[in-house]
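[1] Below are the sequence and a predicted model; questions follow.
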Amino acid sequence: MNINNHYKKNTIQFLFALPTIWAFSGLFLYEKSDKHFFTLCIIVFFLGLFQLGFNAIVEQIKNRKLTWILLIAVIFSAFTKLTMGGSSSELRVLGAIALYSMVLPNYVIEKIKSNLIFLIALASIISVSYISYQTFALQIDREYWSINAIPYTTFSAAITSIAIYLAFISSKNKQRITSLFSACLGLSSIIISQTRGTLLAVTIAALLIAALMIIKYKKNSIFIVASIIAISLVSFLNHEKIEQRIIQTKHEYHAITSGNLNTSIGYRLQMWKAGWELAKSPTIFGLGKNHVEAKQELYEKGLISKASIGFKHYHNQYISSLVMKGIVGLMMTLAFLLMPLFYYFWHNDKSILIAILCSTVYAVSGLTDIPLMQPHPLAFYLIILLLFCTQKNYDSNTI
């Protein structure tokens, strides 16, 4: 009987953890994986209703500020979709994680966090495998990957940053080596993809980690040197990709200074200018899909280029949020990005630094892309918040 109870408890724990496991694995394997993530969250929600009961769920909602923010975001996203044609995939992810956050028990969260090193290792293997398969096996230009390269490598940058941090704070050599290996795989995936914005994001996160190690943890220099050597080795092994990107960046710079904006960076500059012109007259709830017509009017007035009209967003999280979702949308974006920082000051829990690192990556990536408006990186980020920005008071004997 005891064996049966133990098996039942482990099975229930696994089912509760399944959407989180999926966020570190299957979510980044194929294009429609976010829909299956939604299905998993719905299944777990009904499992929670049956297993925990209504009163326990209500009490959990009261204690989780993240659930409150998610519910507000769901209502706002539904409103903008109905009135101005918002994103279905974004609404689906927000709704799924809002429901998941209501029923995921705290003791399961702690169990997941205790196995984070292995989840990060799994994620890094999937990341480098997917990107290598798209790049070398299929030889597909990253523009045509089943999951867009920039939001994909935002995920890669996040897991790389977390892996570097875990490599420093882990007390056992096996855990350190596993985490360092994960960091090398994650960094390799970014270099292979040649995404400059996410490489910048992971670099800034790495500098933040170095500062934390010196100031807060007072780590000695031996492992820092070992980490630098490992990262340098990864960079050397991928030096051809790095050289190609440096040469391309130089060509684009010279083209822009010569007045030619028909380059990757040049198009971004045009999109930012168009977004900035629209952002000068912000609205409460944004323009939604009507932002394209608004850009057409700006073009007819000679304020922006014709090339900037057709783009669906502005390759900037903050400009896109303000223009398409208004002041409320920008506030929601900032709330998600700043939540780990505020939560750290409220609770002074070192584990929240992982969420801060992830937030840093997304904040920097948001300068050149829209990670919190894409279903795959959005789902992963919200799962990180759910793991590290929730209350810890729970009864470990409760299923």
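    Nice, thanks for sending it over. Quantities reported herein were computed from a predicted structural model and do not represent experimental measurements.
[2] Now Arg268. Nearest residue, chain neighbours left out?
    Leaving aside its chain neighbours, Arg268 sits nearest to His315 (4.9 Å; criterion: CB to CB, 6 or more residues apart in numbering). All C-beta spots, glycine's among them, are computed from the backbone N, C-alpha and C.
[3] do you know how far the one you found is from Gln374?
    Going from His315 to Gln374 by CB to CB, to the nearest Å gives 12 Å.
[4] Near the residue nearest to Arg268, how many other residues are there?
    The tally of other residues near His315 (other CB atoms under 10 Å) stands at 22.
[5] Check Ile126 too.
    Using other CB under 10 Å, Ile126 has 21 neighbouring residues.
[6] Correct me if wrong: Ile57 contacts Leu49.
    Yes: with contact defined as CB atoms under 8 Å, Ile57 counts as touching Leu49 (7.0 Å).
[7] list the buried ones in the host helix or strand of Ile109?
    Secondary structure assignment for Ile109, by DSSP states H and E: helix 106-114. Residues 106-109, 111-112 are the ones in helix 106-114 that count as buried (16 or more other CB atoms under 10 Å).
[8] nearest to Leu187, of those residues?
    Distances from Leu187 to those, taken as CB to CB, are shortest for Ile112 (24.2 Å).
[9] Identify the residues contacting the closest one.
    Residues in contact with Ile112 (CB atoms under 8 Å, 6 or more residues apart in numbering) are 17, 20, 119, 387.
[10] Now do the same for Ile304: helix, strand or coil?
    coil (DSSP: H, G, I helix; E, B strand; the rest coil).
[11] neighbours of it, just the number please.
    Count around Ile304 with other CB under 10 Å applied: 22.
[12] Now do it against Gln317, distance only.
    Per CB to CB, Ile304 is found 20 Å from Gln317.
[13] where's Phe342, which helix or strand?
    If you go by DSSP H and E, Phe342 is part of helix 317-347.
[14] Buried ones in that helix, by neighbour count?
    Per 16+ other CB under 10 Å, helix 317-347 contains these buried residues: 317-326, 328-330, 332-333, 336-337, 339-340, 343-344.
[15] Let me see the ranges of the strands in the protein.
    Counting by DSSP state E, no segments of the chain form strands.
[16] Near Phe24, how many other residues are there?
    With other CB under 10 Å as criterion, Phe24 counts 24.
[17] residues touching it, list them.
    Contact partners of Phe24, counting by CB under 8 Å, 6+ apart, are 119-120, 122-123, 159, 380, 383.
[18] List just the nearest of those residues to Ile61.
    For those, the nearest to Ile61 is Ile383 (17.7 Å; CB to CB).
[19] what's the burial count for that closest one?
    Residues near Ile383, counting by other CB under 10 Å, number 24.
[20] What's the separation between the closest residue to it other than its chain neighbours and Val108?
    Nearest residue to Ile383 in three dimensions, chain neighbours excluded: Ala23, at 4.3 Å (CB to CB, 6+ apart). Using CB to CB, Ala23 is found at 14 Å from Val108.
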